[in-house]
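1. with the sequence up front, the predicted model follows.
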Amino acid sequence: MKRTYIWLYLALPFLLVLCSTANAASVFFYNQEGELVLVNVPGITDPAAAIDALVAGPNVIPGAEGLYTAILIGTRLKDFRIDGDSVTIEFSKDMVRGAFDEAVLAAAFKQISWTLNQFELDKDIKLTVNNKTLDYYLPPAPSIAPKKQKPVPESPYSLQSLSGHSITLSPGHGRFWNGSGWYTMRPVYCSPLNEEDYHNDEMAAYLKTYLEQDGMTVKMCRQTDKNYGASPYNGGQPWWKMAATYWEKNAGYPCSVYASYTGDCTLGAGASESNDDIRARPLASDYDNTNIFITLHTNGYAGDCYGTSCPTGTQTYYDCGTEHAPWCTVSTNLANSVHGALIDAIKNKYPISTWHDRGKSNSNGAYGEIRIPDRAAILVELAFHDSCDMDAVYLQENFFRSTSMWGIYKGVCDYFGVAPTWGYYSDEYVSDDIPAEMNPGEVKTVHITFRNRGVLWTEAKSIRLGAVGDSDPFTTVTRQTISGEVGPNTTYQFTMTFTAPTTPGPYVTDWRMVRDGVTWFGATRTKTVQVTGGDTTPPSVPTNLTATAVGPQRINLSWTASTDNVGVTGYKIYRGGSYLTSTADTSYSNGGLSPSTYYSYTVSAYDAAGNESAQSSPASDTTPAYSNIIIDNPAATYTGVWSIGTSSPDKYLTNYHWASTAVSEGKTAKWTPTIAYAGNYDVYIWYPQGSNRANNSPFTVYWDGGSQTVPWNQQTNGGAWRLLLGNKHFAAGTTGYLKLGNGTGYTGKVVVADGARFQQISGD
């Protein structure tokens, strides 16, 4: 489908210094795909004339036939003023009539920025009508009262320099409803790089991890967990692909946040929700009352671009327009801190010394994302996703992604005046099974586990576990390589073979992470191993091993203790023939398993001398499937008198219960599942729709430790399972339930109690 009204599908701004000739300049319009197209206009030698030609539109410029503009029809250029680096452009009132909205404003600003760039006048552009910036003529964003703030929980990490601070993080774009269908804001450029809508979200996941592991409270405008599940929109698109307005509704934000522009709380139908999505992101920060707001984007030019003439680099926007003036200083400070640290990380740490620093710019109200929030707010344009043999190459690489997100994390720390707890290269020692004693010549398989706290680890960047001093008494292999990629807050277990020296005595083995050719970093695991000629007798083989599935993701093991001539130090557990872990106990609970999966285990015993018994006889079990509990209305419990209906054809099974609405609750229906396995569940409802139903039927989900009421419109979308609330933890037993009341605040309608479904999505 061609997008006729191109300015409703705008790309975010970017800059390119163009070489204008002595008798021609360039103006920029949009093609059918929403890409900027450069058109040379002979006879133009100054910026005012270039803007005048841009306002005149593509229909009067040779070579611009078939292109489109965001400058609305009939608009005239009334004034053009330059004051130092600042440019003010005054339009006629026609610019803010009719189709003018958030998307049009941003698209027009983009055209003007590109056109003025060739004259190096694009850093502080102010667009006005009657001496008021154009955002003055937009419908005002609602004033969002912050929700009641809960105390920030104590972080599980140590030395949290960002503890007590909070941020709203917005990965730009995502799939949205445009009034006739579902689209991403950007197509695929420079394949195999995916759409900007998606790689923004993937990169933001790194930044979220860096901030949270440093103790910061992070509020996300979109879901970054790719395993979260499917949304009810666009044929069940994964939640991580959806735009902010849809995720925020699912997360429990009020309609005034996620649908502030159209006021239509029923998403995925009706008018385009592009403007709702633009405003949903900053309004969420007002609702959560976070300290700062950062939105992440990548830039675009005009489709797949190759060669040295393609634009590159990073630009950061802040807003000092009229509406955002109270937060101009703090937003400028945030832009200075984040932009400086980001450029430093890319140019000096990655490093890409030629990376283009495009500087910081004042958007003067043109971008709703950073104009609306009542706090410090910036927009980061990280790189050009359509410069195929330059920026787009880096955007495909997770090492670059993690580098740039670490740079933003560093900038956030700089803004708050604290040092990052976790450096660009950093880690934590987790565990090892290096023996305390070995016999001369004895061979042992040992494991050392580290947790990455910094930039992504990968063999492609020569990041490895190294023997300190490039030598070790137990192995000649002084580098242990990584298979795959190890992201931040992820552990990696290195496996190596130790051979004890033939001469008895104490020997020191020490290991540390290294990026070869760059630096050693992080914790050093040092251990003294006593090589003796003593104990050579292994413990007895463990017996009576049992494996019992206790949930879809957990199997409990137990066995009878072994004996040894000196003493048993511990037990090694093997799953499917591969080493899993060690324990000093005679039981172990193996979590994180897959549902409906067969697992087999064996156990061996070892002593302080490193003697290990043979493995026990195997024990196995199969984890059960996730629970899917359906409760029809006859099995629900009721208070008050409810009527039974059978006439609606879209009911679940044979009948349903209904009750008249009331100003306050007097009747309830309650569905109580018997939860066999504790875990996280999605809660669905089934109801027959009808025009006499309430449009705010109050369903309340009670889970382990909380509850939430969701007002549901039962006039539409009936006759199917509809996700009411997702990813809530239910304890085993019958403490959790779903309740429907008739207290809607008005009379004259009915609420309908039909089917309820509790679908398990993860286990404890």
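-> Noted; the coordinates are in hand.
2. I figured residue 286 was touching residue 280, is that so?
-> No - using Cβ atoms under 8 Å, residue 286 is not in contact with residue 280, being 10.9 Å away. Where you see a C-beta, it was placed from the backbone N, CA and C, and this is true even at glycine.
3. common neighbours of those two, please.
-> residue 257 (Cβ atoms under 8 Å, 6 or more residues apart in numbering).
4. between those two, which one's more packed in?
-> residue 280 (30 against 22; other Cβ atoms under 10 Å).
5. tell me the confidence at the more buried one?
-> According to the prediction, residue 280 has pLDDT 97.
6. in a helix, it, correct?
-> Yes - using DSSP: H, G, I helix; E, B strand; the rest coil, the secondary structure at residue 280 is a helix.
7. OK, contacts around the closest residue to it other than its chain neighbours?
-> Residue nearest to residue 280 in three dimensions, not counting chain neighbours: residue 245, with 4.3 Å by Cβ to Cβ, 6 or more residues apart in numbering. Each residue near residue 245 by Cβ under 8 Å, 6+ apart is listed here: 176, 258, 259, 267, 273, 276, 277, 280.
8. let's see 10 Å
-> 174, 176-177, 221-222, 253, 257-262, 267-268, 273-281, 283-284 (Cβ atoms under 10 Å, 6 or more residues apart in numbering).
9. and residue 219, by the same measure?
-> Contacts of residue 219 (Cβ under 10 Å, 6+ apart): 166-170, 208, 251, 284-285, 287-290, 293.
10. same check on residue 73?
-> Applying Cβ under 10 Å, 6+ apart, we find residue 73 in contact with 57, 59, 94, 95, 97, 98, 99.
11. residue contacts, the closest residue to the second one other than its chain neighbours?
-> Ranked by Cβ to Cβ, 6+ apart and with sequence neighbours excluded, the top spatial neighbour of residue 59 is residue 65, at 7.6 Å. When contacts are counted by Cβ under 10 Å, 6+ apart, residue 65 touches 39, 58, 59.
12. which among these count as buried?
-> 39, 58 (16 or more other Cβ atoms under 10 Å).
13. want to try JSON lines for the contacts of residue 65, with secondary structure, distance to residue 145 and pLDDT as columns?
-> Formatted as JSON lines, these follow (DSSP: H, G, I helix; E, B strand; the rest coil; distance: Cβ to Cβ, whole Å; pLDDT from 0 to 100):
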{"residue": "39", "secondary structure": "strand", "distance to residue 145": "47", "pLDDT": "89"}
{"residue": "58", "secondary structure": "helix", "distance to residue 145": "45", "pLDDT": "92"}
{"residue": "59", "secondary structure": "helix", "distance to residue 145": "47", "pLDDT": "89"}
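14. can you put the contacts of residue 65 in JSON lines and add distance to residue 33?
-> Shown next, in JSON lines, are those (distance: Cβ to Cβ, whole Å):
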{"residue": "39", "distance to residue 33": "16"}
{"residue": "58", "distance to residue 33": "15"}
{"residue": "59", "distance to residue 33": "19"}
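15. now the helices for this structure?
-> For the chain, the helices defined by DSSP state H occupy 47-56, 102-117, 196-213, 244-250, 255-258, 274-288, 328-344, 368-371, 391-395, 398-416.
16. quick one: mean pLDDT over stretch 434-451.
-> The model assigns stretch 434-451 a mean pLDDT of 93.
17. that should have said stretch 127-135, apologies.
-> On average, the pLDDT along stretch 127-135 is 95.
18. kindly indicate which of the contacts of residue 73 lies nearest residue 460.
-> Nearest to residue 460 among these: residue 99, at 48.4 Å, using Cβ to Cβ.
19. show me what contacts the nearest residue to residue 80 once chain neighbours are set aside?
-> Among residues not flanking residue 80 along the chain, residue 48 sits closest, at 4.0 Å (Cβ to Cβ, 6+ apart). Applying Cβ under 10 Å, 6+ apart to residue 48 gives the contacts 77, 79, 80, 81, 82, 87, 89, 119.
20. same thing with residue 188?
-> 194, 195, 196, 198, 304, 385, 386.
21. change it to 6 Å
-> Contacts for residue 188 (Cβ atoms under 6 Å, 6 or more residues apart in numbering) come out as residue 195.
22. also residue 660?
-> residue 750.
23. hey, what's it bridged with?
-> residue 750 (DSSP bridges).
24. where's it relative to residue 747, distance?
-> Separation of residue 660 from residue 747 (Cβ to Cβ, to the nearest Å): 7 Å.
25. pull the longest strand from this structure.
-> strand 519-531 (DSSP state E).
26. for that strand, packing partners?
-> Applying 3 or more Cβ pairs under 6 Å, 6 or more residues apart in numbering; DSSP states H and E, we find strand 519-531 packed against strand 427-432, strand 437-438, strand 505-515.
27. what residues does the shortest one touch?
-> Okay, so that is strand 437-438. Contacts for strand 437-438 (Cβ under 6 Å, 6+ apart): 500, 529, 530, 531, 532, 608, 609, 610.
28. as JSON lines, those with neighbour count and distance to residue 348 would be great.
-> Formatted as JSON lines, these follow (neighbours: other Cβ atoms under 10 Å; distance: Cβ to Cβ, whole Å):
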{"residue": "500", "neighbour count": "23", "distance to residue 348": "44"}
{"residue": "529", "neighbour count": "23", "distance to residue 348": "40"}
{"residue": "530", "neighbour count": "16", "distance to residue 348": "45"}
{"residue": "531", "neighbour count": "23", "distance to residue 348": "45"}
{"residue": "532", "neighbour count": "19", "distance to residue 348": "50"}
{"residue": "608", "neighbour count": "19", "distance to residue 348": "48"}
{"residue": "609", "neighbour count": "25", "distance to residue 348": "49"}
{"residue": "610", "neighbour count": "26", "distance to residue 348": "45"}
